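Q: Fold the stuff below for me.
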Amino acid sequence: MTSMGPDFFAGFGSRRIETRAGEIFARIGGAGPPVLLLHGFPQTHVEWRLVAPALAEKLTLVVADLRGYGQSSAPPSENGEAYSKREMGKDAVAVMAELGHSRFSLVGHDRGGRVAYRLALDRPECVDRLVVIDIVPTLEMWRGMDAQRAMRIYHWLFLAQPAPMPENLIGGAPIAWLRHTLASWTGEKSLSAFDEAALEAYGAAFAQQDRIHAFCEDYRAGATIDRAHDSEDEAAGRKILAPLLALWGAKGIPSQGQSPLDIWRRWAPQAQGRALNGGHFLPEENPADTIAALIDFLTPR
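A: Numbers count the residues shown, from 1 in each chain. Predicted structure coming up:
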């Protein structure tokens, strides 16, 4: 695995931490209570580059690549088995334990948010505070799937198709598909929120065949294993006990329907949240408001 372009996190250290499924790459910096930042699809840890410096003034940050993404290992998998959010949550616990943090806060965007809330359900003793950005729980997404939602999130169905069909189709033009996807989920429907260096870093990680398979496996898990885990928790009445902040883009997909906060309060009684100006990629489309919301929630007075 090679470096993904320039140093986006000046002053941060780098670690490759061994887990049962391979290495997890992370940047580490700052001082204060420990917080793990988990990115979303189709990105890497680089998505946090605009918010990390301000957060690091008050918090110890661990900015990691999820398994299968960026510079982390991409373990082999079939039918989503290695990419369930439960398995990816185990990576998070292992990384933070190696760094000396048995309890920590989590900030997860998109797929990283799904890892984060799954970990809060599976290992509540590990999670201090939880932030989920521009998502609602996986079960709720499938439950609300109608023609309109299916058109908006076609990739949920496409990427979850049996291998190797989506892998082969994306592999024919990975950078074009990546850039189309990024632009289509922003509030402005353009790439203006992303500097070229970040786009190149995303592309370098995205265009590798093992990574294309990994993120398809991520979505296959979302259509099957992750949904089943959510259903089991709902049936058992399990709730997220940690304080939870839900942030979503005023022009993002979760905003188009039932209030994301109302949905999260069914899963987390202490949930609070609000919309911020922007689309899906709040850490890049609106870093100032994202920073303010995170600092206010993660550093309670």
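
Q: List the buried residues for stretch 268-288?
A: Counting neighbours by 16 or more other CB atoms under 10 Å, one finds that the buried residues in stretch 268-288 are 268, 271, 273, 275-276, 278-287. Yep, even glycine has a C-beta here, placed from its N, CA and C like the rest.

Q: same question, stretch 261-269
A: 261, 263-265, 267-268.

Q: Identify all contacting residues around it.
A: Residues outside stretch 261-269 that contact it (CB atoms under 8 Å, 6 or more residues apart in numbering) are 117, 120, 130, 132, 136-137, 140, 239-242, 244, 246, 271-274.

Q: Repeat that for stretch 122-129.
A: Defining contact as CB under 8 Å, 6+ apart, one finds that stretch 122-129 is touched by 33, 86, 89, 93, 96, 102-106, 119-120, 240-245, 297-298.

Q: buried subset of those residues?
A: Buried members of these, scored by 16+ other CB under 10 Å, are 33, 86, 89, 93, 96, 104-106, 119-120, 240, 242-245, 297-298.

Q: Please, which helix or strand holds the residue nearest to Glu140 when sequence neighbours are not counted?
A: The shortest distance from Glu140 to any non-neighbouring residue, by CB to CB, 6 or more residues apart in numbering, is to Ile263 (5.4 Å). Assigned by DSSP states H and E, Ile263 belongs to helix 260-267.

Q: separation between the residue sitting nearest the centre point of the chain and Pro164?
A: Among the residues of the chain, the one closest to the centroid is Gly112, at 2.0 Å (CA atoms, centre = their mean). Distance of Gly112 to Pro164, given as CB to CB, to the nearest Å: 26 Å.

Q: Check Asp195 too.
A: 33 Å.

Q: just Arg123 next, same as before
A: For Arg123, the distance to Pro164 - CB to CB - is 34 Å.

Q: What of Glu47?
A: In terms of CB to CB, Glu47 sits 27 Å off from Pro164.

Q: Between these two, which is the more surrounded one?
A: Remark: of Glu47 and Pro164, Glu47 carries more neighbours, 27 against 13, as counted by other CB atoms under 10 Å.

Q: Please enumerate the strands of the chain.
A: 13-19, 22-30, 34-38, 60-64, 104-109, 127-133, 244-249, 272-276 (DSSP state E).

Q: which ones are touching Glu234?
A: Glu234 neighbours (CB under 8 Å, 6+ apart): Leu139.

Q: hmm, I was thinking of Gly108
A: 37-38, 40, 114-117, 130-133.

Q: who does it bridge with?
A: Assessed by DSSP bridges, Gly108 has beta-bridge partners Leu38, Val132.

Q: Name the spans of the stretch 201-301 of the chain whose pLDDT lies under the cut-off.
A: By pLDDT under 70, the stretch 201-301 of the chain contains no weakly predicted segment.

Q: let's go with 80 and repeat that
A: Scanning the stretch 201-301 of the chain for pLDDT under 80 picks out 300-301.

Q: hey, where'd the helices end up in it?
A: 209-223, 225-236, 260-267, 282-285, 287-298 (DSSP state H, counting those that start in this stretch).

Q: so which of those comes closest to Ser72?
A: helix 209-223 (9.3 Å; CB to CB).

Q: What are the buried residues along that closest one?
A: Result for helix 209-223 [16+ other CB under 10 Å]: buried residues 211-223.

Q: same thing with stretch 29-46?
A: For stretch 29-46, by 16+ other CB under 10 Å, it's 29-30, 33-46.

Q: Let me know the average pLDDT across it.
A: Averaging pLDDT along stretch 29-46 gives 98.

Q: Now do the end-to-end distance for that stretch.
A: Counting by CA to CA, to the nearest Å, you get 14 Å between the two ends of stretch 29-46.

Q: The closest residue to Asp218 other than its chain neighbours - how many residues pack around it?
A: Leaving out its chain neighbours, the residue that sits closest to Asp218 by CB to CB, 6+ apart is Tyr83, at 4.4 Å. Counted with other CB under 10 Å, the neighbours of Tyr83 add up to 29.

Q: Assess the claim that Tyr83 and Ser72 are in contact.
A: No: counting by CB atoms under 8 Å, Tyr83 does not reach Ser72; the two are 11.8 Å apart.

Q: Give me the neighbour count for Ala235.
A: Neighbours around Ala235, by other CB under 10 Å: 8.

Q: And it, how far from Ala228?
A: 11 Å.

Q: what does Gln270 give?
A: Gln270 is 25 Å from Ala228, by CB to CB.

Q: Leu99 too?
A: Distance from Leu99 to Ala228, by CB to CB: 31 Å.

Q: And for Glu87?
A: Distance of Glu87 to Ala228, computed by CB to CB: 13 Å.

Q: can you check Gln256 too?
A: Between Gln256 and Ala228 the computed distance is 26 Å (CB to CB).
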